[in-house]
Each structure stands twice: as C-alpha cells, then as structure tokens.
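quick one, fold the following:
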Amino acid sequence: MNSNLTITEDHVKELLRAKQLLENPGLAAKITNLIGSPIEKGIDSLPKKWSDKLGKITTNSLLKATNAAVFTMKDKSVKKSSNAMHKTAVAVSGGVGGFFGLAALAVELPISTTIMLRSIADISREHGESIDSIETKMACLEVFALGGTSTSDDGTETGYFTIRALLAQSVTETSKFIIEKGVVDEGAPVLLRLITKVAERFSVQISEKVAGQAIPFIGAAGGAIINTVFMDHFQDMAKGHFIVRKLERQYGQELVKDCYDSIKL
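Coordinates of the predicted model:
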C-alpha cells in the first residue's frame with residue numbers, strides 16, 4: 001500500500017455516511033421513537049429468568065442462520081440489494097412473534113435472523129463483495145455484533161473498529177478452518193467461538209426487540225412493525241460496514257481507520 005495515498009473528498013463523504021450509520025443511536029432508541037414508550041417498560045414486563053433463555057435462543061438462531069444462509073450463499077451477480085423484500089418477509093415473522101409473544105421467539109428468531117443474513121449478503125454484494133468468498137461470509141456475520149450506540153453498553157467495548165478488533169482472531173481462525181476443511185459443522189469449536197462472541201452483542205439488540213414487543217397492547221401488528229425497524233437497523237449496520245470494507249480494499253485499513261476516527265459527527 002502506497003504510504004502517500006490519501007482518501008479523496010468523495011470517499012471521505014462516503015466514510016462520513018458509514019460512520020453516521022454505524023455510530024447511530026441503537027435499536028432501543030429507534031423502537032422508543034416508534035412506539036412512544038420507553039423500552040424499559042417492556043423490559044419490566046419480561047419474566048425474571050428470560051435473559052438466560054434469550055442467550056441460548058440467540059446463539060442457536062445465529063448457528064441455524066449461518067448454516068441456512070452464510071454457507072449456502074452464492075453470487076448471483078445482482079447489483080441492487082432487495083431491502084424492501086427482506087423487510088416484508090421479516091415483518092411477517094415479527095407479526096407471528098408479536099401475536100404469540102415470548103413463546104414464539106425460539107421459532108421466530110431463527111427465521112428472522114436467516115432473512116436478515118440474506119439481506120446483509122445482498123448489501124455486501126452491492127458494495128463490491130463476492131459472497132462466494134469466506135471472508136465476505138464472515139463479514140456478514142460480523143454485522144450482528146454491530147448495534148450502534150446502546151444504553152446497555154458500558155463504553156469499554158463500543159465503537160465500530162473496537163468491535164471488529166474483538167472479533168478479529170475468531171474470524172481469522174474460522175476462515176482458515178473453513179478454507180482447509182471445505183465445509184464446517186455447526187458444532188466445530190472455531191465456529192462456536194465466533195458465534196458466541198457475536199451472540200454476546202447481538203443478544204443486546206434481541207433483548208431490546210423483545211422488550212418492545214412485550215409492551216402491553218403491541219400485539220401482532222406492533223410485532224411486525226418492530227421487526228421492520230429491527231431489519232432496517234441491521235441493514236444500516238451492513239451498509240456502513242461494507243462501505244468501510246470497500247474503502248479498505250482501496251486504501252488499507254489503517255488509513256481508513258485514521259480517517260474514520262477523525263470524522264466528527
């Protein structure tokens with residue numbers, strides 16, 4: 001990489017857009033703005049032991065989605081991502097979840113997560129990625145760890161590049177394993193380590209989604225709307241992520257990170 005390379009003004013504007021997407025208020029704020037009730041009301045409505053169960057459901061959903069979407073994705077050379085179609089599909093599953101409540105989460109979440117992964121893959125392809133590539137498949141999984149700023153974050157593990165750094169070793173190990181073995185079983189330790197790390201952050205967003213659906217009188221229609229916001233949120237995370245990766249391919253990660261850090265929102 002040429003050390004004298006500088007990022008063009010147009011690409012700085014693109015990076016600004018990416019940062020606006022990636023460092024935006026998180027899902028809880030968006031749901032609160034939508035339904036007009038603080039998300040804490042929904043959290044208070046949840047069973048006391050729901051968090052342990054939610055962690056298991058989130059991990060299981062990511063594993064199922066990985067097998068159903070990530071490892072079966074093929075490049076169809078479609079330029080534009082089908083964001084609206086994926087939002088409609090995830091709204092339907094959200095409506096079911098909203099109607100049946102927490103009892104349906106173990107069924108609804110793997111479906112929603114798989115649809116979201118397909119949408120994320122579409123967005124990656126629109127930004128010049130080859131979804132046949134193992135590196136791109138891993139980058140699609142990374143999106144679930146990107147949640148924007150959240151009231152649940154303590155400030156020590158936030159920020160786009162910080163989260164990527166936390167996942168870097170697991171992503172590298174998993175990619176190497178898949179390249180060497182050709183395929184990967186969902187019980188493979190390297191994959192489980194990566195999924196667990198992603199799930200730790202993704203479960204925060206899931207809890208906020210569930211809390212929104214748990215607010216009294218939300219019901220099926222509210223569940224569908226919240227799932228649409230949920231999908232829209234992670235589509236934004238994907239757009240920001242793959243804009244950054246596109247620029248990294250041209251300028252290198254170090255230069256892009258320096259420029260990203262220097263941008264004030």
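
mind listing the helices for this structure?
Along the chain, counting by DSSP state H, helices occupy 9-22, 27-35, 39-45, 50-68, 83-100, 105-126, 134-142, 160-181, 189-214, 219-251, 253-262.

for the fourth one, name the packing helices and strands.
Counting contacts by 3 or more CB pairs under 8 Å, 6 or more residues apart in numbering; DSSP states H and E, helix 50-68 is packed against helix 105-126, helix 189-214. Every residue, glycine included, has its C-beta placed from N, CA and C.

change it to 10 Å
Counting contacts by 3 or more CB pairs under 10 Å, 6 or more residues apart in numbering; DSSP states H and E, helix 50-68 is packed against helix 105-126, helix 134-142, helix 189-214.

looking at those helices, which is closest to Leu54?
The closest of the helices and strands packed on helix 50-68 to Leu54 is helix 189-214. By CB to CB, the value is 6.0 Å.

isn't Val198 right next to Ala139, touching?
No - using CB atoms under 10 Å, Val198 is not in contact with Ala139, being 11.7 Å away.

those two - which one has more neighbours?
The neighbour comparison of Val198 against Ala139 (other CB atoms under 10 Å) goes to Val198, with 25 against 22.

okay, the more buried one and Ala28: tell me how far apart.
Shown here: Val198 relative to Ala28, a distance of 19 Å by CB to CB, to the nearest Å.

now Ser61
Taking CB to CB as the measure, Ser61 falls 19 Å from Ala28.

again with Leu255
33 Å.

and those two? Which one has more around it.
A direct count of neighbours by other CB under 10 Å for Leu255 and Ala28 places Ala28 higher, at 26 against 18.

local confidence estimate at Gly97?
For Gly97, the pLDDT comes out at 47.

can you check Ala18 too?
Reported pLDDT for Ala18: 96.

okay, now Lys49: neighbour count?
8.

so who does it touch?
Listed by CB atoms under 10 Å, 6 or more residues apart in numbering, Lys49 has no contact partners.

what's the pLDDT at it?
74.

contacting residues for Leu265?
Counted by CB under 10 Å, 6+ apart, Leu265 has contacts Leu16, Lys19, Gln20, Glu23, Asn24.

any idea how far Leu15 is from it?
Taken as CB to CB, the span from Leu265 to Leu15 is 12 Å.

same deal with Tyr251?
The gap separating Tyr251 from Leu15 is 10 Å, by CB to CB.

what do those two both touch?
Ile7, Cys259.

coming back round to it: if I average pLDDT within each of the helices of the chain, which one is lowest?
helix 83-100 has the lowest average pLDDT among the helices of the chain, namely a mean of 48.
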